[in-house]
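1. here is my input, please return the structure:
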Amino acid sequence: MQSGVSRRIRISNMKIIMNRNINKHIQVLLLAVFLLGLSCSQPSRLELALEAAGANRAELEKVLKHFRDDPLKLKAAIFLIENMPGHYSFVDTAFFNQFNNALDSLTFRYGGRSVERRRILWRDVYSKYIRYSIGRVATVPDVEIITAEFLIRNIEQAFEVWKESPWAQHLSFEDFCELILPYKVMQGQEFDNWREYCRTMFNHSLDIIRHIPLLIRNPVMVGNIVNQNMRREIYPRISFCQRLPITRMSTLLQIPAAMCDDYAVMILAVMRAKGIPVAIDFTPQWPFRSRGHSWNVLLKNTGKMGIFEGIGTPVGTPHKQDHIMAKVYRKTFAINREIERIHQVESAVPDFLRTPFIKDVTDEYMVTTDVTIPLRNRPDFHYAYLAVFDNANWVPISWGRASRRSVTFRSMGHDVVYLPVRYTRFGGVEAIGNPFILTIRGDVRELAPDTLNRQTLRLYRKFPLMPRAFIGVERLIGAEIQAANEADFSDLVTIHRFDDVKKDIRIDYPSQKFRYWRFLSAPDGFVNLAEMLFWERGSEESIWGEIIGTSGSRRSGNRYRKQAVFDGNFLTFFYAPVPTDAWVGMDFGKPVDIARIVCFMRADGNYIEPGDEYELLYWRDGGWQSLGRKIATDFYLVYENSPTNALFLLRNHTKGIEERIFTYENGRQVFW
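-> A predicted model of the protein is given here:
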């Protein structure tokens, strides 16, 4: 087999010949001989790409001939062609043109309308075309349809911004090939003049700093200006609605709401068109919640990547620093040859490997550890995977090549629960070992359930309290439980002050009866109380009275008024009209001796709720095993005789979809 080194030497020698001042006809002949020589030995990647082009081969050879006098541009053309197989476009261009045109027409129809009205108009178009899209989303390889004219123009434009932009002078040729040169920034993108269009957009203030040499050479400064301009003009809003791919960049830049991936693509197109070196990084799956995430990175003149949010935060701004990651990849134009090999030897691959155009950059983000998993038997598979839990299923996010006795996974993030799996030809995962925790220090702690040493579990939630829900819980601090016998609370007694987030209050002082009981908001707390229940001393049933408290609400709708505190719905809450001194409570009609009060702040509905049916499961022998179903009779569940050193999952069969794996350590749930 001809080595890559020898092929590069032959290409280099060919460049020297081409640069000589010889007859043009001889140059064409030499190029033909060069291509013929590649095909006579073991096929090179260039030859394989030309063969994959089929009837379109002549178009690609036109590109090679066009750049025969320019070795660097010829090398760039070869890079694009060699890595073109696998990149694709949509076959039914007429349908997608019609779809893009329909979206473009909205620009003239919703001028001056509210953002919500614009989103409704866009959703109407999406819905219409999604109905007609069946059978119209077939794809065709770019290598079979791309024209020489389009590819030549893109190469010329890419070199122009590289050589003429002061902020791009730090780029090596290899950086240029990945960060500026590619003729498209997303799969399915039209072969149009996106570079010309995007290069003229969002340029405010760039002309000013062109006169300041220190700034104009700084890609971070230039990138931040463009990013800020785009944010100001596009005003991004996140939407997760299902829709067809928007294949025209000028159309995509006009949508009123999009997903993180869309905004990352938009900034990629605009930045690259201006010669600003940008890429997209992503984590295929968060290890502690559902979904994954995409963001952008910019190659600084220090040679390091700066993280930023496309059409959002500036370069270098910490982005989701509170989010633990297991794996990070960078989208590339070049083919990852190892992923290519996985496709060749495996009958099916996980979703994150459907594209070979990614590379592992986890080590750029965190301290990592290589993990080796022993295999009990000689494997009948070539590759294994590490999976993380996405609230419902195990999702593979890393691969390792299996040997006879083990498989090693490179550069894994810490403080995560992983499950080693194989991927079956039916498109599912099959465990090949026990789940394990890769601890914060990089140690492996296997979760093999011990059924000989049992424990009692006391469970309060089925899902961790996420930051979005913690906002309400935090507002509990400083609130007070007060009681009185006068309606104006002129004789009030403070029963309890919340100095922590404990929600179940037991009143142990000598019996004292009061008619009026209330929850007084913490300073700047807006009350934010979801549910409140009272028990008389000696009673097992909660009691009710007349709802009293501050009138009105900060938000419109009954779900935010004081009545929401006693509606039995943990997802509604009292959002008081004033931040401080607002309150809500009960008039019991007569003095009562209250012994227990439970207060649930605005949260996510994942607390244990009386009356709901729950099931506790633990992972054993490659699947979830049940420890039984229970109807909750209080705001917690007790499961006795549960295994130790196990991975658990609590499921609510009455309502809700969010559930999360956890271990039980030192008498409490630890969610992963």
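2. was I right about residue 288 contacting residue 671?
-> Yes: assessed by Cβ atoms under 8 Å, residue 288 is found in contact with residue 671 at 7.4 Å. All C-beta atoms are positioned from the backbone trio N, CA, C, and that covers glycine.
3. ok, the residue most central in space within the chain - contacts?
-> The residue lying closest to the centre of the chain (Cα atoms, centre = their mean) is residue 293, at 1.4 Å. If you count contacts by Cβ atoms under 8 Å, 6 or more residues apart in numbering, residue 293 has them with 260, 282, 283, 286, 320, 323.
4. need these in CSV (columns: distance to residue 492).
-> Formatted as CSV, the contacts of residue 293 follow (distance: Cβ to Cβ, whole Å):
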residue, distance to residue 492
260, 49
282, 55
283, 52
286, 46
320, 44
323, 44
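5. so which of those residues sit within strands?
-> Per DSSP state E, strands hold the following members of the contacts of residue 293: 282, 283.
6. between the contacts of residue 293, which is closest to residue 299?
-> For the contacts of residue 293, the closest approach to residue 299 (Cβ to Cβ) belongs to residue 282, at 17.0 Å.
7. separation between that closest one and residue 265?
-> Taking Cβ to Cβ, to the nearest Å as the measure, residue 282 falls 11 Å from residue 265.
8. and if you look at residue 314?
-> 19 Å.
9. pick out whichever of those two has more residues nearby.
-> residue 265 (24 against 16; other Cβ atoms under 10 Å).
10. wait, the more buried one sits on residue 280?
-> Yes: the criterion here is Cβ under 8 Å, and residue 265 meets it with residue 280 at 7.2 Å.
11. domains of the protein?
-> 331-446, 453-464+608-671, 468-601 (automatic domain parsing).
12. name the residues that touch the helix or strand containing residue 339?
-> In the assignment (DSSP states H and E), residue 339 maps to helix 337-345. Outside helix 337-345, the residues within contact range by Cβ under 8 Å, 6+ apart are 349, 353, 355, 356, 358, 382, 383, 399.
13. what's the separation between the first one and residue 228?
-> What it means is residue 349. Relative to residue 228, and taking Cβ to Cβ, residue 349 is found at 40 Å.
14. neighbour count winner among the two?
-> Taking other Cβ under 10 Å, residue 349 and residue 228 do not tie; residue 349 has more neighbours (19 against 16).
15. what's the more buried one in contact with, if anything?
-> Contacts of residue 349 (Cβ under 8 Å, 6+ apart): 342, 343, 423.
16. try 10 Å
-> 339, 342, 343, 355, 356, 383, 385, 396, 399, 423, 427 (Cβ atoms under 10 Å, 6 or more residues apart in numbering).
17. for residue 195, state which of the residues you listed is nearest.
-> Once Cβ to Cβ is applied, the member of the contacts of residue 349 that ends up nearest residue 195 is residue 355, at 22.9 Å.
18. count of neighbours near the nearest residue to that closest one once chain neighbours are set aside?
-> Leaving aside its sequence neighbours, residue 355 sits nearest to residue 86 (Cβ to Cβ, 6 or more residues apart in numbering; 7.3 Å). The criterion is other Cβ under 10 Å. On that basis, residue 86 has 18 neighbouring residues.
19. wasn't residue 670 part of a helix?
-> No: judged by DSSP: H, G, I helix; E, B strand; the rest coil, residue 670 forms no part of a helix; its state is strand.
20. pLDDT score assigned to it?
-> Taken from the predicted model, the pLDDT recorded for residue 670 is 98.
21. dump the residue contacts of it.
-> By Cβ under 10 Å, 6+ apart, residue 670 lies in contact with 437, 464, 648, 661, 662, 663, 664.
22. ok, which pair from these is furthest apart?
-> 437 and 464, at 15.5 Å, using Cβ to Cβ across these.
23. tell me the secondary structure of residue 123, please.
-> helix.
24. can you check residue 372 too?
-> Relying on three-state DSSP, one would call residue 372 strand.
25. ignoring the adjacent residues along the chain, who's closest to it?
-> residue 408 (4.6 Å).
26. isn't that neighbour right next to residue 375, touching?
-> No: using Cβ atoms under 10 Å, residue 408 is not in contact with residue 375, being 11.1 Å away.
27. which neighbours do these two share?
-> Shared contacts of residue 408 and residue 375, counting by Cβ under 10 Å, 6+ apart, come down to 384, 402.
28. one step back: give the residues shared as contacts by residue 288 and residue 671.
-> Common contacts of residue 288 and residue 671 (Cβ under 10 Å, 6+ apart): 417, 464, 466, 660, 661.
29. rewinding a little: export the domains of the chain to TSV and tack on distance to residue 78?
-> Below are the domains of the chain laid out as TSV (distance: least, Cβ to Cβ, whole Å):
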stretch	distance to residue 78
domain 331-446	12
domain 453-464+608-671	47
domain 468-601	49
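30. of these, which approaches residue 275 most closely?
-> That would be domain 331-446 among the domains of the chain, by Cβ to Cβ, at 16.3 Å.
31. from the contact counts, what lies against the strand or helix carrying residue 151?
-> Taking DSSP H and E as the criterion, residue 151 maps to helix 148-164. Counting contacts by 3 or more Cβ pairs under 10 Å, 6 or more residues apart in numbering; DSSP states H and E, helix 148-164 is packed against helix 57-66, helix 71-82, helix 173-179, helix 194-199, helix 260-273.
32. how about low-confidence regions in the stretch 51-200 of the chain?
-> Counting by pLDDT under 70, the low-confidence segments of the stretch 51-200 of the chain come to 108, 110-115.
33. before we move on, what about the stretch 251-400 of the chain?
-> For the stretch 251-400 of the chain, no range has pLDDT under 70.
34. how about the strands in it?
-> 278-283, 293-299, 305-308, 329-331, 358-360, 368-374, 383-389, 394-401 (DSSP state E, counting those that start in this stretch).
35. again with the stretch 101-250 of the chain
-> Taking DSSP E, counting those that start in this stretch as the criterion, the stretch 101-250 of the chain carries its strands at 139-141.
36. which residue ranges of it form helices?
-> For the stretch 101-250 of the chain, the helices defined by DSSP state H, counting those that start in this stretch occupy 115-131, 142-145, 148-164, 173-179, 194-199, 206-209, 213-216, 219-234, 249-252.
37. format those helices as TSV; extra columns: distance to residue 107.
-> TSV is the format used below for the helices of the stretch 101-250 of the chain (distance: least, Cβ to Cβ, whole Å):
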stretch	distance to residue 107
helix 115-131	10
helix 142-145	29
helix 148-164	26
helix 173-179	30
helix 194-199	14
helix 206-209	24
helix 213-216	33
helix 219-234	13
helix 249-252	9
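38. so the residue nearest to residue 372: helix, strand or coil?
-> Applying three-state DSSP: residue 408 is strand.
39. got it, and the one 4 residues further on?
-> Secondary structure assignment for residue 412 (three-state DSSP): strand.
40. which positions are bridged to the residue nearest to the centre of the chain in the beta structure?
-> Counting by DSSP bridges, residue 293 forms beta bridges with residue 283.
41. from residue 347, how far off is it?
-> Distance from residue 293 to residue 347, by Cβ to Cβ: 30 Å.
42. residue 493 too?
-> 72 Å.
43. what does residue 65 give?
-> Distance from residue 65 to residue 347, counting by Cβ to Cβ: 40 Å.
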